[in-house]
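K.L.:
Sequence unavailable; structure follows:
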């Protein structure tokens with residue numbers, strides 16, 4: 001907590017409008033309850049930058065997104081942090097274009113390929129996520145355009161690196177771009 005106290009004080013001294021958001025992904029509700037109830041979240045963070053991914057099939061958002069937003073807001077309210085910000089730090093889905101009909105994105109937790117969505121589904125999904133999110137009070141949305149080209153099976157996310165870190169040694173280079 002000492003490091004967070006120092007960081008918060010330094011940021012506030014420079015610009016008190018700077019916001020600190022805790023970043024999460026998935027729908028692990030027990031973890032959200034622990035986070036929202038923690039002293040660190042209540043004191044040092046101004047909000048949650050959540051990544052609402054629905055691996056591996058990315059069902060249409062109207063079937064799950066409004067309920068997910070309501071659930072998060074209820075848990076925040078119950079923990080006494082209802083005034084904290086809630087936004088999407090990263091949301092999207094893999095897409096396959098007309099020039100790459102077999103495109104996929106990495107490996108989900110099941111170790112199976114995740115095929116990309118058609119461009120039509122991708123467009124409808126993007127519009128629905130934005131419309132439903134805005135209608136349910138999410139005011140900041142960062143759309144993530146997945147690595148959709150070149151079926152590179154060695155592409156790895158932070159989760160992959162954490163779970164199978166030994167595989168990093170099998171490559172000449174490893175690039176971490178902020179998610180680790």
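P.N.:
That came through fine. All figures in this text were calculated on a predicted structure; none of them were measured in a lab.
K.L.:
elements contacting the helix or strand hosting residue 30?
P.N.:
Taking DSSP states H and E as the definition, residue 30 sits inside helix 29-37. Helices and strands touching helix 29-37, by 3 or more CB pairs under 8 Å, 6 or more residues apart in numbering; DSSP states H and E, are strand 21-25, helix 65-78. All C-beta spots, glycine's among them, are computed from the backbone N, C-alpha and C.
K.L.:
Can you tell me which of these is nearest to residue 125?
P.N.:
Nearest of the helices and strands packed on helix 29-37 to residue 125, taken as CB to CB: helix 65-78 at 10.2 Å.
K.L.:
Show me the one of the helices and strands packed on helix 29-37 that comes nearest residue 32.
P.N.:
Closest to residue 32 of these is helix 65-78 (CB to CB; 5.3 Å).
K.L.:
and the angle from the longest helix out of those in the chain to helix 65-78?
P.N.:
If you go by DSSP state H, the chain has its longest helix at helix 119-135. Computed with axes from the mean of the first three to the mean of the last three CA atoms, to 10 degrees, the direction of helix 119-135 lies at 30 degrees from that of helix 65-78.
K.L.:
Mind giving me the packing neighbours of helix 119-135?
P.N.:
Using 3+ CB pairs under 8 Å, 6+ apart, helix 119-135 sits against helix 65-78, strand 85-91, strand 141-143.
K.L.:
Which residue is the nearest non-sequential neighbour of the residue nearest the centre of the chain?
P.N.:
In the chain, the C-alpha nearest the mean C-alpha coordinate belongs to residue 51, at 1.9 Å (CA atoms, centre = their mean). Closest residue to residue 51 apart from its sequence neighbours, by CB to CB, 6 or more residues apart in numbering: residue 25 at 3.7 Å.
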